[in-house]
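Novice: Here is a sequence with its predicted model. Questions after.
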Amino acid sequence: MRHANVIILTDETEFARLLTACWQAERQAPVITVLTSDLWQEQQAPARDLVVVGPVGEGKLSNVLRSLDPSTAVILCVPAHSKEFSQLRSKYPRLVHVPLREDWAQTLLLVAGESLRRIETVRLARQAERIAAKNEKHATLGRYMLEMKHSVNNALTSMLGNAELLLLEPGELSSQSLAQIKTIHSMALRINEVMQRFSSLASEMQEAENASQAETEEASSPIAPRR
């Protein structure tokens, strides 16, 4: 939670002061930004994981909520008997409401903590999905290289063989042609070394995967009863 960003949006100074003080007394406090409804602009608002909307001026609550992105996590802290709130409840069913009563601050901190933990969990899940998709692309490339290894090795063997045959008769070549053939031969040898290393890595990875699978199967197998 210490890396989370929270906006407190309210026109009541005491509400913002009390909530900020309670949050800062916690062991892990988020980065808090306090804004009034007059200063609030969705497009220019700082980065945030959660918006806490407290009491605002008469008739401003609808405009504030309407300006918020639907994906934004919002906690509304206003009196439950507010006429404006009763009308908004049907429009924003996903809005989390904390009634403004004696224990509102502690209740809001608990609800906010759960909201921020859920947001962090979703963020980590999406990050894992992106990493998995990236790894899948790499795996696809690796599988393609394995499938093409035989064809590449054949092409390299042909290149090296023909280059070596030409180098056996250097007198029939100009100095420039000879230098170019030596370069082709040298680069073909380097590519061959890369392919050999790739084959070695593929074998090592396969052995590690087989060993890991064997350990998993051994751990999951039922223990034989003692006689």
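Specialist: Done, it's in.

Novice: residue farthest from the centroid of the protein?
Specialist: residue 171 (61.8 Å; C-alpha atoms, centre = their mean).

Novice: Would you mind measuring from it to residue 177?
Specialist: 12 Å (C-beta to C-beta, to the nearest Å). C-betas here are computed from N, CA, C, even on glycine.

Novice: Return the set of buried residues in stretch 152-171.
Specialist: 159-160, 163, 166 (16 or more other C-beta atoms under 10 Å).

Novice: Tell me if residue 58 really is in a strand.
Specialist: No: with DSSP: H, G, I helix; E, B strand; the rest coil as the criterion, residue 58 is located in coil rather than a strand.

Novice: The residue farthest from the centre of the chain belongs to a strand, doesn't it?
Specialist: No: in this structure, residue 171 is helix, not part of a strand, as judged by three-state DSSP.

Novice: residue boundaries of the strands in this structure?
Specialist: Along the chain, counting by DSSP state E, strands occupy 5-9, 31-35, 50-53, 74-76, 96-97.

Novice: between these, which gets the lowest average pLDDT?
Specialist: Least confident of these, judged by mean pLDDT, is strand 96-97 with a mean of 84.

Novice: quick one: that strand to chain centroid distance?
Specialist: Relative to the mean C-alpha coordinate of its chain, strand 96-97 is positioned 27 Å out (C-alpha atoms, centre = their mean, to the nearest Å).

Novice: How about stretch 47-60?
Specialist: Computed by C-alpha atoms, centre = their mean, the chain-centroid distance of stretch 47-60 equals 28 Å.

Novice: ok, now stretch 128-148?
Specialist: 18 Å.

Novice: Show the contacting residues for the most centrally placed residue in the chain.
Specialist: In the chain, the centroid-proximal residue (C-alpha atoms, centre = their mean) is residue 127; its distance is 2.0 Å. Going by C-beta atoms under 8 Å, 6 or more residues apart in numbering, residue 127 touches no other residue.

Novice: show me where pLDDT drops low in this protein?
Specialist: 1-2, 42-43, 80-94, 202, 205, 209, 212, 215-227 (pLDDT under 70).

Novice: Can you show me the helices along it?
Specialist: 13-24, 61-67, 83-91, 104-167, 175-220 (DSSP state H).

Novice: Any idea how far the longest one is from the middle of the chain?
Specialist: What that stands for is helix 104-167. With C-alpha atoms, centre = their mean, you get 13 Å for helix 104-167.

Novice: what's the angle from that helix to helix 13-24?
Specialist: 60 degrees (axes from the mean of the first three to the mean of the last three C-alpha atoms, to 10 degrees).

Novice: Check the last one too.
Specialist: Helix 175-220 runs at 90 degrees relative to helix 13-24, counting by the same axes, to 10 degrees.

Novice: Where do the domain boundaries of this structure fall?
Specialist: Domains of the chain are assigned by automatic domain parsing as 5-101, 132-217.

Novice: Indicate which one of those domains is closest to residue 123.
Specialist: Closest to residue 123 of the domains of the chain, according to C-beta to C-beta: domain 5-101, at 8.6 Å.

Novice: ok, now which ones touch the spatially closest residue to residue 54 that is not a sequence neighbour?
Specialist: Among residues not flanking residue 54 along the chain, residue 10 sits closest, at 3.2 Å (C-beta to C-beta, 6 or more residues apart in numbering). If you count contacts by C-beta under 8 Å, 6+ apart, residue 10 has them with 16, 34, 36-37, 52-56.
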